[in-house]
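Visitor: A predicted structure for the sequence below; I have some questions about it.
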Amino acid sequence: MGGARLRLLAVVAVLAMLAAACGGDDDGGATGATGETTGGATGATGETGGGELGGTLVISNWDQYMPEDLIPSFEEATGVDVELALHTTNEDIMGKITAQNGGGFDLVFVSGPFVQALVAQGWAAELDHSKIPNLANLYPEASQLGYDPGNVHSVPYAWGTTGICYRTDMVSEAPTSWEVFRDPPDELDGKMTMLGTDRWLLQPALLSLGYSINTTDPAQIEEAVEWTLEAKRHLLGFDDTTFYSKLVSGEALAVHAWDGWCEYGRAEEPNIDFVVPEEGSDV
């Protein structure tokens, strides 16, 4: 798909396209499965001269965020080839998109605030809701999210929270406060990691200090920066990609992490648990 606009969909939209493709209806079947787009990568969702799908759909997603059989099933049902690229952070995929002036991908998986950024750049195509029937299955609240009211440019596919994952077999007490990163017990000192992505970097500090994670007050942000610098002295490092493997190996004993990744770790090491600190977290 030529041009420089992206369609911001998520797994729920891909599943909706797959369901439509399997419907066998001339108006809502394979043709309806495409969804219209005004830009992206290769023309995967465009129709061939005979009204059939063709080309390659280029998707960027985080690792393990799709069922393994989803892409093969979609390819078999539609005749569209899928090329899956992986990104490790929102900043990673934003950098790739920016380098190509909004091109290179047809579908991308990003967190809410990054939807706004792509829309502001003019790189996000508006969705044709008539071709995403599974939108009807969303909770009403999921259709009125602050970053994209009405799902004009994106479809939510998952939600979660952040907290502290820790090794129950190697820690004497569960870490129940964000303060553990700034003032840890001896057993955790130097054996913790915190997320380094900008959205979550200051979250533990802001919540520990009693401030909103969405604050724009310069004084509060500066205080949170100082808190984070104090915590840094007690960390293995800031880590968005290998923290759960460090937890599995025992190199780290407590990590600031997304709940879903803690579940990946628990699948390999049952002595991993997750706690939302008493000061609260995000959704």
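Guide: Now that the structure is in, tell me what you want to look at. Numbers count the residues shown, from 1 in each chain.
Visitor: list the contacts for residue 129?
Guide: By CB atoms under 8 Å, 6 or more residues apart in numbering, the contact list for residue 129 reads 135, 151. C-beta: built from backbone N, CA, C; applies to glycine.
Visitor: Pull up the gap between it and residue 136, please.
Guide: According to CB to CB, to the nearest Å, residue 129 and residue 136 sit 9 Å apart.
Visitor: Output the longest helix belonging to the chain.
Guide: Longest helix in the chain, counting residues (DSSP state H): helix 218-232.
Visitor: What is the neighbour count of residue 153?
Guide: When counting by other CB atoms under 10 Å, one arrives at 21 neighbours for residue 153.
Visitor: now residue 124
Guide: 25.
Visitor: and if you look at residue 65?
Guide: Residue 65 - counted by other CB under 10 Å - has 13 other residues nearby.
Visitor: Confirm it sits in a helix?
Guide: No: applying DSSP: H, G, I helix; E, B strand; the rest coil, one finds residue 65 to be coil, outside a helix.
Visitor: Isn't it up against residue 109?
Guide: Yes: Residue 65 is in contact with residue 109 according to CB atoms under 8 Å; the separation is 6.3 Å.
Visitor: buried residues in the longest helix of the chain?
Guide: 220, 223-224, 227-228, 231 (16 or more other CB atoms under 10 Å).
Visitor: for residue 94, helix, strand, or coil?
Guide: helix.
Visitor: roughly how far apart are it and residue 221?
Guide: On the measure of CB to CB, residue 94 and residue 221 end up 22 Å apart.
Visitor: Residue 227 is in contact with residue 211, isn't it?
Guide: No: contact criterion CB under 8 Å: residue 227 and residue 211 do not qualify, at 10.2 Å.
Visitor: What ranges does the chain have for its helices?
Guide: With DSSP H as the criterion, the chain has helices spanning 11-21, 70-78, 90-99, 112-120, 198-201, 203-208, 218-232, 243-249, 259-268.
Visitor: how about those helices, which one is nearest residue 60?
Guide: Among the helices of the chain, the nearest to residue 60 by CB to CB is helix 90-99 (5.2 Å).
Visitor: and that closest one, how far from the chain's centre?
Guide: Its chain's average C-alpha position is 13 Å from that of helix 90-99, according to CA atoms, centre = their mean, to the nearest Å.
Visitor: Ignoring the adjacent residues along the chain, who's closest to residue 235?
Guide: What sits nearest to residue 235 in space, not counting adjacent residues and going by CB to CB, 6 or more residues apart in numbering, is residue 192, at 5.4 Å.
Visitor: doesn't residue 253 make contact with the one you found?
Guide: Yes: taking CB under 8 Å as the definition, residue 192 is a contact partner of residue 253 at 6.9 Å.
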